[in-house]
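Colleague: here you go, sequence then predicted model.
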Amino acid sequence: QVQLVESGGGLVQAGGSLTLSCAASGRIFGINDMGWYRQAPGKQRELVARLTSGGDEYYADSVKGRFTISRGNARNTVNLQMNSLKPEDTAVYYCNANLTWRGDFWGQGTQVTVSS
């Protein structure tokens, strides 16, 4: 089995910062890419940021210049540094990993709430 465990969500005031972390564990042969998605109430899940195995980074236009995705120090981890947070960033954030020969896996989600 494969597990993705997220951490780092919480409540922050507008303009503040949070760092989300995601650790993948289990029967992993390789990771093609990892990313973060979010889903706000009443809205569809959307891509926030993605990091490929080759080191390419992709960001939603709404977070460019404010969020940074990076590999963690531990094996099979990815972080999302979120700065200058806005109330519209409030959502449940999900970690996603596309694994070699295994396909896509999702974390359970972590709540991020930004107060105005």
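Modeller: Yep, it's here.

Colleague: who's in contact with residue 59?
Modeller: In this structure, residue 59 makes contact with 48, 49, 67, 69, judged by CB atoms under 8 Å, 6 or more residues apart in numbering. Quick note: C-beta positions are derived from backbone N, CA and C, even for glycine.

Colleague: in a strand, that's where the second one is, yeah?
Modeller: Put plainly, it is residue 49. Yes: following the definition DSSP: H, G, I helix; E, B strand; the rest coil, residue 49 is counted among the residues of a strand.

Colleague: pull the contacting residues for it.
Modeller: For residue 49, the set of contacting residues under the criterion of CB under 8 Å, 6+ apart consists of 35, 36, 57, 58, 59, 60, 63, 67, 68, 69, 80.

Colleague: against residue 110, how distant is it?
Modeller: Plainly put, residue 49 is 15 Å away from residue 110 if you go by CB to CB, to the nearest Å.

Colleague: still on that earlier bit, now, of the contacts of residue 49, which are buried?
Modeller: Of the members of those, the ones counted as buried by neighbours, 16 or more other CB atoms under 10 Å, are 35, 36, 59, 63, 67, 68, 69, 80.

Colleague: may I ask which two of those are separated the most?
Modeller: Largest separation among the buried ones among the contacts of residue 49 by CB to CB: 35 and 68, giving 12.8 Å.

Colleague: if we can go back for a sec, which member of the contacts of residue 49 is positioned nearest residue 93?
Modeller: Of all these, the one sitting nearest residue 93 is residue 36; the distance, using CB to CB, is 5.8 Å.

Colleague: so who does residue 106 touch?
Modeller: Shown in contact with residue 106 (CB under 8 Å, 6+ apart): 4, 94, 95, 96.

Colleague: that one bridge partners, please.
Modeller: Listed beta-bridge partners, residue 106: residue 96 (assigned using DSSP bridges).

Colleague: who's the closest spatial neighbour of the spatially most central residue of the chain, skipping the chain neighbours?
Modeller: Computing the C-alpha centroid of the chain and ranking residues by CA atoms, centre = their mean puts residue 36 first, at 2.7 Å. The shortest distance from residue 36 to any non-neighbouring residue, by CB to CB, 6 or more residues apart in numbering, is to residue 48 (4.4 Å).
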